[in-house]
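1. here's my sequence, what's the structure:
(one chain, ligands or ions: 1)
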Amino acid sequence: MRAYEGGLAVTRGKLLLIVLIAALIAAFIAFDLGQYFSLSYLKSQQAAIGELYRARPLQTLAAFFLIYVAATGLSLPGATILTLAAGAIFGLLWGTVIVSFASSIGATLAFLVSRFLLRDSVQAKFGDKLKAINAGIDKDGAFYLFTLRLVPAFPFFVINLVMGLTSIKSWTFYWVSQLGMLAGTIVYVNAGTQVAQIESAAGILSPALIASFTLLGIFPLITKKVVAMIKARKVYSRFTRPRRFDRNVIVIGAGSAGLVSAYIAAAVKAKVTLIEKDRMGGDCLYTGCVPSKALIRSAKSLSHIKRAREFGLREARADFQFADAMERVQRVIKAIEPHDSVERYTSLGVECIKGEAKIISPWEVRINGKILTTRSIVIAAGARPFVPPIPGVENVGHFTSDTVWNLRKLPARLVVLGGGPIGCELSQCFARLGSQVTQVEMLPRIMIREDPEFSEMVLARFREDGIDVRLEHKARQFLVENGDKALICEHKGRDVRIPFDEVLVAVGRVANTAGYGLEELGIPVTRSRTVETNEFLQTLYPNIYACGDVAGPFQFTHTASHQAWYAAVNALFGGVKKFRADYSVIPWATFTEPEVARVGLNETEAKEKGISYEVTRFGIDELDRAIADSEAHGLVKVLTVPGKDRILGVTIAGEHAGDLIAEYILAMRHGIGLNKILGTIHIYPTLSEANKYAAGNWKREHAPQNVLKWVERYHAWMRG
Ligand SMILES: Cc1cc2nc3c(=O)[nH]c(=O)nc-3n(C[C@H](O)[C@H](O)[C@H](O)COP(=O)(O)OP(=O)(O)OC[C@H]3O[C@@H](n4cnc5c(N)ncnc54)[C@H](O)[C@@H]3O)c2cc1C
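-> Numbering: from 1, shown residues only. I've put the predicted structure just below:
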């Protein structure tokens, strides 16, 4: 087991600063400097200090300024007395100017010290939990700070220190602090001009003044909320809201996201219309998960036949035609089709309409020349393969995941462009089905989202399968010369020519955001070109929602259905209660051999985010069932919080990794730790035992060594 302390190391610089601050605070206490920050001392010395100021104005001013900065920077008590003193010595105007700058600079110093000393470790420990807070701070930090500065209930030094732990920018912190503290500063400096009449510092703020400050503090927040409401109204202002609606919700697109949205709406007795321009079932059924997994099955059978000797068979041959495997894919689709059919959904209470929907107002959708009114809309229009504008790509008759299923003749030489999940799954499939596959990836490894060791495992297997994997090859141009096709790639500064018969482009997918009304309504898209939504999956128009591939950030069937629940429930019940889409435990798998499945963090991400972790591994090559199956390869890799039984993430590579990981998904979703997995009976001999053994390895590493020493002594004593 290995541990990584993300950002927890105390550098020499930090240590020095801690020592310096501790020494200064110690000196403050040891020399009882606090006595000089009292009202009585100020009153007794007022005349003398005034004299000094008249004799040496600049020096007095500078000394006062520095003392103020030091006191606030070190979070020492006394700022109130110093502020009164400023009024007493320098008068209202200059007193206010001096205190305003000195207090803001001092506060910013305290803020910076807190950030320098503590933020990394706090982020490392609570990074995930702080994510939401930091997102809020990025959005509204200045408003919150302003409120905190104005409301007298919050001690200023606490605000400085806590804000240092957030992601607010230093400059924002400085100017908002100066602005927010100004009103209070004026009140105290003004009181200082009458210091002789003041009996106690606490009496300066009357209850009425405290209430006014509090109101002033929350005013910007209220304003912001009102502005947001006005803005929301404004987006609707150019449309006429129908007086009544034909439907509660219209769902556009009947892929995984749309089907689940409609299903949920019908289940709660809403009037729902599902519009699909092509085939119910969308990508997953016709061009995605289902056909790819069906083809993988055929390819795997062939690979088993090739490996016959490993299974104790002298010889096995397949009488195999590629077209038959592709026809089987269509049969599998036909078998699943009824699950997503118009008939099934109609029987569930969903009105299904075939046609291309267009949103013409926030409450109106045009379909087949008719306008339907609806209270809410769920956009579930999916995504399509992205074909990069590589010169010549249009001349080579390229395939994508949309069209590859039409192939009936096995390409002799196939180039697969892309080393992501789709490119990897299909490369291995076609290689096993008999194509000479060259897989081209511009990055240094395939399956870049996974830890390098998993990329390596898959790469090794790909090479055994005869795939020519070209890493760090950037596709530059497609050529057709005398009927021969070739791809020119740039590799380490030189051109590499790869001849091929067919090319499959699998370099990513792009959301469908054009042509159905988003542009006209001004619904913005993100930088990754998905429809922009908030945490409730609302678009710019709060009654229009988006989910699935069209919304991102994940592009899986299970995440599409997960989001669909939030979109449908929020669309129907958002007026009463809205739910934030929860992405805390998102799993996925790439169905290569070895299969690679993941949930939560992997090591690469933990390092990038500076999150501390421990790694526990279990090599599946040791597992009885895997050995019996001649599939003794793969790894369970678990990341946990150092010293704690809390799972941060798991990656599994090996046979049925996508199924094995379900136990960890459940564990993470419900806060179950490795101790509980270890204490659960797993059937022998199954692959699922790998999970238990990984938990066992973790337990062994966390065995209480001191206690075990005593137990050993006990046993020795028992032996007599
Ligand atoms: C090769 C491949 C393999 C995959 N394997 C897996 C896998 O193993 N596991 C996994 O979880 N995910 C997998 N995926 C991803 C998965 O297929 C998608 O994430 C999922 O299908 C997204 O569902 P969706 O409802 O968001 O979009 P889609 O399924 O694309 O559905 C959108 C629908 O909207 C319709 N539409 C669009 N505009 C309009 C309009 N104006 N009017 C009416 N209808 C409209 C479209 O016709 C389409 O049917 C794979 C994808 C591919 C390409």
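
2. which residue is the nearest non-sequential neighbour of the residue of the stretch 151-300 of the chain found nearest the ligand?
-> Using CB to the nearest ligand atom, the closest approach of the stretch 151-300 of the chain to the ligand is made by G255 at 2.1 Å. C-beta here means a position set from N, CA and C on the backbone, and glycine is covered the same way. Once flanking residues are discounted, G255 sits nearest to G282: 2.3 Å by CB to CB, 6 or more residues apart in numbering.

3. doesn't N248 lie inside a strand?
-> Yes - judged by DSSP: H, G, I helix; E, B strand; the rest coil, N248 forms part of a strand.

4. picking up where we left off before, how close does the residue of the stretch 151-300 of the chain closest to the ligand sit to Q178?
-> Note on G255: its distance to Q178, by CB to CB, to the nearest Å, is 53 Å.

5. how about L74?
-> Going from L74 to Q178 by CB to CB gives 19 Å.

6. next: E655.
-> 63 Å.

7. could you show me where the helices are in the stretch 501-650 of the chain, in order?
-> 518-521, 557-573, 603-608, 624-628 (DSSP state H, counting those that start in this stretch).

8. just to revisit the earlier point, doesn't F556 make contact with the residue of the stretch 151-300 of the chain closest to the ligand?
-> No - here G255 lies out of contact with F556, judged by CB atoms under 8 Å, at a distance of 11.7 Å.

9. for these two, indicate the residue with more neighbours.
-> Higher neighbour count among G255 and F556: G255, with 30 against 19, using other CB atoms under 10 Å.

10. contacting residues for the more buried one?
-> For G255, the contact set (CB atoms under 8 Å, 6 or more residues apart in numbering) comprises 281-285, 380, 382, 548-549, 560.

11. poorly predicted segments of the stretch 51-200 of the chain, please.
-> 124-132, 152-153, 196-200 (pLDDT under 70).

12. spell out the residue ranges of the helices in it.
-> Secondary structure of the stretch 51-200 of the chain by DSSP H, counting those that start in this stretch: the helices cover 57-73, 79-114, 120-150, 156-164, 170-193.

13. need these in CSV with mean neighbour count, can you?
-> CSV is the format used below for these (neighbours: other CB atoms under 10 Å):
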stretch, mean neighbour count
helix 57-73, 17
helix 79-114, 22
helix 120-150, 17
helix 156-164, 20
helix 170-193, 19
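
14. the ligand: which of those is closest?
-> Closest among those, once you apply CB to the nearest ligand atom, is helix 120-150, at 23.6 Å.

15. quick one: the closest one to helix 170-193, angle?
-> Here helix 120-150 runs at an angle of 40 degrees relative to helix 170-193 (axes from the mean of the first three to the mean of the last three CA atoms, to 10 degrees).

16. show me what helix 120-150 is packed up against.
-> helix 156-164, helix 170-193, helix 207-236 (3 or more CB pairs under 8 Å, 6 or more residues apart in numbering; DSSP states H and E).

17. who touches the second one?
-> Put plainly, it is helix 170-193. With CB under 8 Å, 6+ apart, helix 170-193 has contacts from 80, 83-88, 91-92, 95-96, 99-101, 103-105, 107-108, 111-112, 115, 141-142, 145-150, 152, 156, 163, 198, 204-205, 209, 213, 216-217.

18. and what of stretch 332-343?
-> Residues outside stretch 332-343 that contact it (CB under 8 Å, 6+ apart): 254, 259, 280-281, 285-286, 290-291, 294, 344, 352, 354.

19. also stretch 370-377?
-> Stretch 370-377 has contacts (CB under 8 Å, 6+ apart) with 242, 244-252, 273, 359-360, 362-366, 543-545, 571-572, 574.

20. could you find the closest non-adjacent residue to N602?
-> Counting by CB to CB, 6+ apart, the residue nearest N602 is D451, at 4.9 Å.

21. same thing with G548?
-> Using CB to CB, 6+ apart, the closest residue to G548 is A257 (2.6 Å).

22. the one you found: what secondary structure?
-> With three-state DSSP as the criterion, A257 reads helix.

23. what about it, how many residues close to it?
-> Neighbour number of A257 under other CB under 10 Å is 33.

24. what's around the residue nearest to G255, how many residues?
-> Around G282 there are 27 residues (other CB under 10 Å).

25. over to I353?
-> For I353, the neighbour count with other CB under 10 Å is 19.

26. also T273?
-> With other CB under 10 Å as criterion, T273 counts 22.

27. narrow the contacts of stretch 332-343 to those in strands?
-> With DSSP state E as the criterion, strands contain 352, 354 from among the contacts of stretch 332-343.

28. what does this protein have sitting close to the ligand?
-> Neighbours of the ligand within the chain, by CB under 6 Å from any ligand atom: 252-258, 275-278, 282-284, 287-289, 292, 356-357, 380-383, 401, 422, 512, 516, 548-550, 555-558, 560, 591.

29. quick one, which of those are buried?
-> Buried subset of those (neighbour count, 16 or more other CB atoms under 10 Å): 252-258, 275-276, 282-284, 287-289, 292, 357, 380-383, 401, 422, 512, 516, 548-550, 555-557, 560, 591.

30. show me the residues around the most centrally placed residue in the chain that make contact.
-> By CA atoms, centre = their mean, the chain has its centre lying nearest to Y583, at 7.3 Å. Residues counted as contacts of Y583 (CB under 8 Å, 6+ apart) are 553-554.

31. residue boundaries of the helices in the stretch 201-350 of the chain?
-> Here the stretch 201-350 of the chain has its helices, by DSSP H, counting those that start in this stretch, at 207-236, 256-267, 282-286, 289-306, 322-336, 342-347.

32. for the last one, buried residues please.
-> Translated: helix 342-347. By neighbour count with 16+ other CB under 10 Å, helix 342-347 contains the buried residues 342, 344-345.

33. out of those residues, which comes closest to Y68?
-> Y345 (70.8 Å; CB to CB).

34. list the contacts for that closest one?
-> 254, 259, 262-263, 266, 274, 280, 352.

35. quick check: the residue nearest to G548 vs Q563, distance?
-> For A257, the distance to Q563 - CB to CB - is 6 Å.
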